[in-house]
Each structure stands twice: as structure tokens, then as C-alpha cells.
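Student: just need the structure, nothing else, for what follows:
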Amino acid sequence: MKKADFKQYILHFKRPGGTSRGVLHSKETYILEIEENGKKGIGECGIFRGLSFDDVPGYEEKLKWLCAHINDDEVDIKTALQDYPSIWFGYEQASENLKFGSDIYFENDFTSGNDSIKINGLIWMGNTAFMEEQIHEKLEQKFNCIKLKIGVDWDSEKEVIRHLRSHFPKEQLELRVDANGAFSAEKAETVLQELAELKIHSIEQPIKAGQPEKMALLCRNTPTPIALDEELIGIRTSEEKQKLLEQIRPQYIILKPSLCGGFSGSDEWIDLAEHNGSGWWITSALESNIGLNAIAQYTYSKKPKIPQGLGTGALFQNNFPTRLELRNDRLWHTKK
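Tutor: A predicted model of the protein is given here:
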């Protein structure tokens, strides 16, 4: 017989994280544990308030329901949790961890410590001095792919990028930007052209999600590749996913497993994207080291070809212990 329980955990940022949606000081999450035959599996239900599709009243009640029905063979848990992608993902993690034990979710060269994942360095929003300070840190750490959050003050942000590009050509430094839906469709056209002149790799979510016709038009004519991010949230069935990708035809999609239905939901998105000729990469969504570890192991299993958007857990002052270790711009799972 299995037993399941959960607890809420509040992560506190070492310093506030700025995005076009506001400044983050803390991050709520839930840790799910499943026990069976003396073994324990742990997963993270990484709800993202204000962004997650399952940020709804009754979230904890659904977690209680899952724990109560953990042994009910007549219940289709995946279907029951279709509207709660972060809870489903936590359940997937705990179930996989139950099989392998320790902190393992996938057995591969990454978890054995024999290989690593190349990641991008993330630059949070702020004034010019703060952004340049972060950029300097990433360059010191030998990152050659950097992602900047933009959309609060584009003129100032553009100057930071222009200054950076004047010192580092695209062959030496790949630059990505993330607008989090900050621009209007009209403004986005101008921004896309300006980004192209600066040789930017891609822009995430230039306009707010839920405007498929406008996004499709931007993707069709853009001089800078567009990556869908928030656009994928709440799209649950395979038919809905295929319809969205066929309508918008994005150059890339970005998968946050906590927001997109976990391992299985991300698998489905990747298969459809590749069929439709769209590239992809995987990012974490401010999970603790528990969820980040599971996402990193999953990411490696998908054989990524470009830098991934995995955090390092270093943002929080009260994170959980981890074997994840950043060496320059590569994430390793160190041996015991």
C-alpha cells in the first residue's frame, strides 16, 4: 500500500527577481512524498502564482484528494489532474523517484556524473547598472549564451544589449531575450526589427498569450525568431496543442514542465513541435532544487542540441540540498 502526503514550502529570494509582470520576493511550492514498502519518492508541485493554469481556489484540496486516492486503481489520476499540471508533475516525479531512490528520476549519463547540460545565463530586469552587473558575472562564469528579461524600459534595455553586442559578436555570445508578453503587436514589430539588427537569437513571448492570430502574423513575418512560452499554458489536449502549433507556426517553443503537464505533457509538445518544424528548449520555472533536479534529468534524456534554460537553485536563500553543480555554463549532477 502506498501512502502520500504533502507540505507547503516558501522559497525566499536572495535578492528580488524583476520581470515585466512584477518583482518576485518569494515563491510558494508544495513537496509531495509517496511511500511504499519502506521506500520513498519525492516530487515538487511547483505552482507559479499568477501564471500557472492551476492557480485556482482549491489547489490544496486537490492535493489532499490525490493523497486520499493514491491507492485507488479505479481512478485515472492523469485525467483527474488534467486541470492541475503542476500537481500531475509532482506526482510523476514522486512516482519515478520511488522506482530509483536517492535523488534519481532518470538513469542516464547525466545522473551518473559522466555528462552535463549546457545552459543559458539569466539576467533579471532592473536598472542599467544592475543588469550590467549581472551580465559581467555571467561572462566571468564563461557563459556564451545569455538571456535577458526585457519589457519594462525597452529603450534602456536596448542600449544595454547594444553595448554588449558591440563587445561580443554573435559568434562569440548568443543573446536571447524574454519579453513575458510585454509589448503590443504594433510595438513588437518594431522591437523584432531592432533585435534582428542586434543579431539576437530569439525573443520569448513578445506579446501577451491568447492572441493566436496576431502571434501567427508576427511569426510569419519576423526577422527575429519567436519562441512561445506563456502561450502554451492551459493547452491540455493533443488536439489543442497541434492546432496551436499549426496556426501560429512558431520558430521555437519553450517548455516549463510544471506549467505544461510534466514529463508526459512535455513529451507530447516536443513530438508535435518537431513534426511541425519548430525547435524547442526546456526551462525551469523557479522550482526548488527538488523540481529542478527532476527537470534537469528529464532534459538530458531528451538529448538537447542547444543551451537550455535551467536555473541553478542559487536564487533562493533557503533551498534544499542538491547534487546539481554549475561549472562555467554547464550543469552537472555530481557523484556521491
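Student: next one: phi and psi at the closest residue to Val23 other than its chain neighbours?
Tutor: Spatially, and ignoring its direct neighbours in sequence, Val23 is nearest to Pro16 (4.7 Å; CB to CB, 6 or more residues apart in numbering). Glycine gets a C-beta too; all of them are placed from N, C-alpha and C. Backbone torsions of Pro16, given as degrees, to the nearest 10, read phi -50, psi 140.
Student: from Gly210, how far out is Pro16?
Tutor: Here the criterion is CB to CB, to the nearest Å. By it, Pro16 lies 28 Å from Gly210.
Student: with Gly309 instead?
Tutor: From Gly309 to Gly210 the distance is 22 Å (CB to CB).
Student: what is the burial count for the residue nearest to Val23?
Tutor: Taking other CB atoms under 10 Å as the neighbour definition, Pro16 ends up with a count of 13.
Student: what's the answer for Phe110, then?
Tutor: The number of residues packed near Phe110 is 20, by other CB under 10 Å.
Student: just the element for the residue nearest to Ala185 when sequence neighbours are not counted, please.
Tutor: Counting by CB to CB, 6+ apart, Ala185 lies nearest to Lys214, which is 4.4 Å off, once chain neighbours are set aside. Using DSSP states H and E, Lys214 maps to helix 212-221.
Student: would you indicate which residues of that helix are buried?
Tutor: Neighbour-count burial for helix 212-221, counted by 16 or more other CB atoms under 10 Å, picks out Lys214, Met215, Ala216, Leu218, Cys219.
Student: same deal with stretch 151-162?
Tutor: Buried residues in stretch 151-162, counting neighbours by 16+ other CB under 10 Å, are found at Gly151, Val152, Trp154, Glu157, Lys158, Val160, Ile161.
Student: going by distance to Glu132, which of these wins?
Tutor: Nearest to Glu132, judged by CB to CB, of the buried residues of stretch 151-162 is Val160 at 6.4 Å.
Student: all helices for the stretch 101-250 of the chain, in order.
Tutor: Ranges of helices in the stretch 101-250 of the chain, per DSSP state H, counting those that start in this stretch, are 128-140, 154-167, 185-197, 212-221, 238-248.
Student: turn the ones you listed into JSON lines, columns for distance to Glu92.
Tutor: Shown next, in JSON lines, are the helices of the stretch 101-250 of the chain (distance: least, CB to CB, whole Å):
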{"stretch": "helix 128-140", "distance to Glu92": "32"}
{"stretch": "helix 154-167", "distance to Glu92": "37"}
{"stretch": "helix 185-197", "distance to Glu92": "35"}
{"stretch": "helix 212-221", "distance to Glu92": "28"}
{"stretch": "helix 238-248", "distance to Glu92": "17"}
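Student: which of these sits closest to Asp115?
Tutor: Going by CB to CB, the one of the helices of the stretch 101-250 of the chain nearest Asp115 is helix 128-140, 22.4 Å.
Student: quick one: the closest one to helix 154-167, angle?
Tutor: Interaxial angle of helix 128-140 relative to helix 154-167 (axes from the mean of the first three to the mean of the last three CA atoms, to 10 degrees): 30 degrees.
Student: and helix 128-140, what does it pack onto?
Tutor: When contacts are defined as 3 or more CB pairs under 8 Å, 6 or more residues apart in numbering; DSSP states H and E, helix 128-140 packs onto strand 121-123, strand 145-149, helix 154-167.
Student: average pLDDT for it?
Tutor: Averaged over helix 128-140, pLDDT sits at 88.
Student: for stretch 174-183, same thing?
Tutor: pLDDT averaged over stretch 174-183 gives 95.
Student: which one of the buried residues of helix 212-221 is nearest Lys142?
Tutor: For those, the residue nearest Lys142 by CB to CB is Cys219; the value is 32.7 Å.
Student: per-residue pLDDT, the closest one?
Tutor: With respect to pLDDT, Cys219 scores 98.
Student: so that it lines up with my notes, have the first residue be 739 from now on.
Tutor: Got it, first residue is 739 now, which makes that one Cys957.
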